[in-house]
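Trainee: Kindly return the folded structure for what I paste below:
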Amino acid sequence: GAAAPLFFAWHSCDLSLLNGVLYRAFHRLWFNCKSMTGKPKTNSAALAEARRAAQAGDLDVAMQWTKAAAKRAPRDPSPHLLLGDIALARGHFQAAAKHYREALNRKPDLIAGHGNLGLAWLRQGEFQKATQCFERVLRLQPNDVTALLNLGYAAQAQGKTQDALRYYHQAIAAEPDQAEAYNNAAVLHFAAQEYVPAIELLQQAIRIAPDYAEAHNNLGNALRAQGRLGAAIAVYRTAASLQPEHAGVWNNLGNALIDRGDLDQGLAALERAITPEAHYPVAVSNWLMALNYQLKITLDALYQAHRQ
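Mentor: The predicted model follows:
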């Protein structure tokens with residue numbers, strides 16, 4: 001099936017940048033030395049250190065600097081916003097919501113506070129609360145694309161397909177080069193078996209972001225649903241080259257190859273989706289089913305495959 005749409009955060013720093021164990025270890029040592037030799041002279045300097053630690057992947061150090069900044073400037077919302085970001089990155093969604101509320105208590109019109117509080121609610125399945133937060137962002141900043149995308153996701157999670165499509169198309173109107181909006185709208189059209197608009201949206205997403213593996217994968221799904229196996233296989237191969245660790249792509253490629261009668265190639269693709277790291281049980285089921293059609297396999301080998 002089509003991959004789930006994406007949702008997005010208003011991070012006050014990029015918590016996804018991991019610069020390696022050596023740098024994180026160095027930064028921890030540097031932080032400990034800094035603690036012994038004196039604290040940063042300003043609150044902004046402490047927050048700068050927190051953001052550098054977060055960007056290096058050392059969230060513990062980031063937390064220490066941020067708490068120090070919060071203690072030094074109790075009315076400053078920035079430390080609480082960053083504490084929320086750190087909790088969100090760790091998957092501590094209730095804690096993240098608490099920190100974002102603390103930030104909003106200090107600055108009620110803080111867009112990142114409302115937006116990421118909405119995201120914390122979204123991750124907990126509190127879709128109505130999340131929607132209220134994202135709508136507040138739009139009142140503060142009309143046509144905020146991140147808010148529109150997340151509103152679309154929240155609506156989709158509640159089965160409100162038309163609302164979700166409306167938000168995604170509003171995001172496209174606000175920012176026409178937003179590839180994720182095209183992809184997310186296409187997922188909804190695909191689910192409704194509306195393959196032509198899904199394909200058009202996905203092709204546009206790929207024109208905007210040629211290395212967008214998920215859009216290639218979803219395009220392959222739509223083409224396969226139309227029976228265009230050759231085109232689907234080519235697109236899946238592109239997606240696999242862009243994101244080789246994507247088990248869903250290998251599963252979809254394997255199924256398309258088997259549909260075309262290329263059993264051996266299909267099995268090989270499915271095997272790429274059933275590595276211990278992939279944790280993709282659907283591919284295991286598809287692989288075992290395909291083995292039943294492989295004439296050269298013995299009953300004993302088939303039995304052993306099922307046991308594994």
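Trainee: can we go C-alpha only for contacts and neighbour counts from here?
Mentor: Fine.
Trainee: How far away from the center of its chain is stretch 153-165?
Mentor: How far stretch 153-165 lies from its chain's middle: 17 Å, per Cα atoms, centre = their mean, to the nearest Å.
Trainee: so how far is the first residue of that stretch from its last?
Mentor: Length of stretch 153-165, first residue to last, Cα to Cα, to the nearest Å: 9 Å.
Trainee: For it, list every residue counted as buried.
Mentor: 153, 154, 155, 156, 161, 163, 164, 165 (16 or more other Cα atoms under 10 Å).
Trainee: Quick check: the farthest pair among these?
Mentor: Using Cα to Cα, the pair of the buried residues of stretch 153-165 lying farthest apart is 154 and 165, separated by 11.3 Å.
Trainee: Past the lowest-mean-pLDDT helix or strand in the chain, which element shows up next along the chain?
Mentor: Sorting the helices and strands of the chain by mean pLDDT, DSSP states H and E puts helix 21-37 at the bottom, at a mean of 35. Using DSSP states H and E, the helix or strand that follows helix 21-37 in sequence is helix 43-55.
Trainee: which strands and helices sit next to that following helix?
Mentor: helix 59-72 (3 or more Cα pairs under 8 Å, 6 or more residues apart in numbering; DSSP states H and E).
Trainee: Show me what the helix it packs on is in contact with.
Mentor: 28, 31, 43-44, 46-47, 49-54, 76, 79-80, 82-83, 86 (Cα atoms under 8 Å, 6 or more residues apart in numbering).
Trainee: got the angle for that helix vs helix 43-55?
Mentor: Between helix 59-72 and helix 43-55, the angle comes out at 160 degrees (axes from the mean of the first three to the mean of the last three Cα atoms, to 10 degrees).
Trainee: State the next helix or strand along the chain beyond helix 59-72.
Mentor: helix 77-90.
Trainee: buried residues in the helix or strand following that following helix?
Mentor: Tracing the chain C-terminally past helix 77-90 and defining elements by DSSP H and E, one meets helix 93-106 next. Under the neighbour-count criterion of 16+ other Cα under 10 Å, helix 93-106 has 93-104, 106 buried.
Trainee: quick one on the thing from earlier: buried ones from the contacts of helix 59-72, can you make that a PyMOL selection?
Mentor: The PyMOL command for the buried members of the contacts of helix 59-72 (criterion: 16+ other Cα under 10 Å) is given here:
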select buried, resi 28+31+43+46+47+49+50+51+52+53+54+76+79+80+82+83+86
